[in-house]
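Enquirer: The sequence isn't on hand, but the structure is:
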């Protein structure tokens with residue numbers, strides 16, 4: 001019995017590197033993994049390498065329409081997400097201290113696009129605080145207490 005038996009994982013940028021290795025590990029531990037990347041040929045290779053319990057969806061994690069399509073597919077096929085690994089990224093080489101504001105802004109835009117839509121959060125399990133009270137995930141991923149009048153306790 002694996003640590004992730006019956007769980008559903010979504011990993012963006014999962015056609016190479018650590019995210020691909022993570023997808024392999026998650027499948028080995030029993031999860032069904034949805035992987036997303038921009039290049040279909042790389043996704044096809046990743047699916048062959050992983051072998052089972054994997055669904056590949058071509059798309060760009062910085063494109064909200066592609067993210068919507070990814071999460072719509074997950075919702076239709078599995079209903080919810082247990083693990084979300086936003087690994088997609090890009091960047092320009094730069095020397096520390098010489099990175100421009102434009103380089104920084106471009107990288108942040110790509111990374112924040114993974115968190116700007118509301119759809120992925122509605123598929124994640126609801127976290128709760130130490131008292132078992134459910135928390136709400138909001139558009140930017142921050143957690144707040146479901147009832148403002150409830151006793152303060154951190155949502156984890």
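Expert: Done, it's in. Every value quoted in this text rests on a predicted model; they were computed, and no experiment measured them.
Enquirer: For the nearest residue in space to residue 7 that is not next to it in sequence, what are phi and psi?
Expert: In space, and not counting its chain neighbours, residue 7 is closest to residue 82: 4.0 Å by Cβ to Cβ, 6 or more residues apart in numbering. C-beta here means a position set from N, CA and C on the backbone, and glycine is covered the same way. Dihedral pair for residue 82: phi -100, psi -30, per degrees, to the nearest 10.
Enquirer: Can you get me a residue count around residue 82?
Expert: Residue 82: 17 surrounding residues under other Cβ atoms under 10 Å.
Enquirer: now the one 3 residues further on
Expert: When neighbours are counted by other Cβ under 10 Å, residue 85 registers 18.
Enquirer: What pLDDT is listed against it?
Expert: pLDDT for residue 85: 89.
Enquirer: Surely it is in a strand?
Expert: Yes. Looking at residue 85 with DSSP: H, G, I helix; E, B strand; the rest coil, it is inside a strand.
Enquirer: Okay, it and residue 36: tell me how far apart.
Expert: Here the distance between residue 85 and residue 36 works out to 10 Å (Cβ to Cβ, to the nearest Å).
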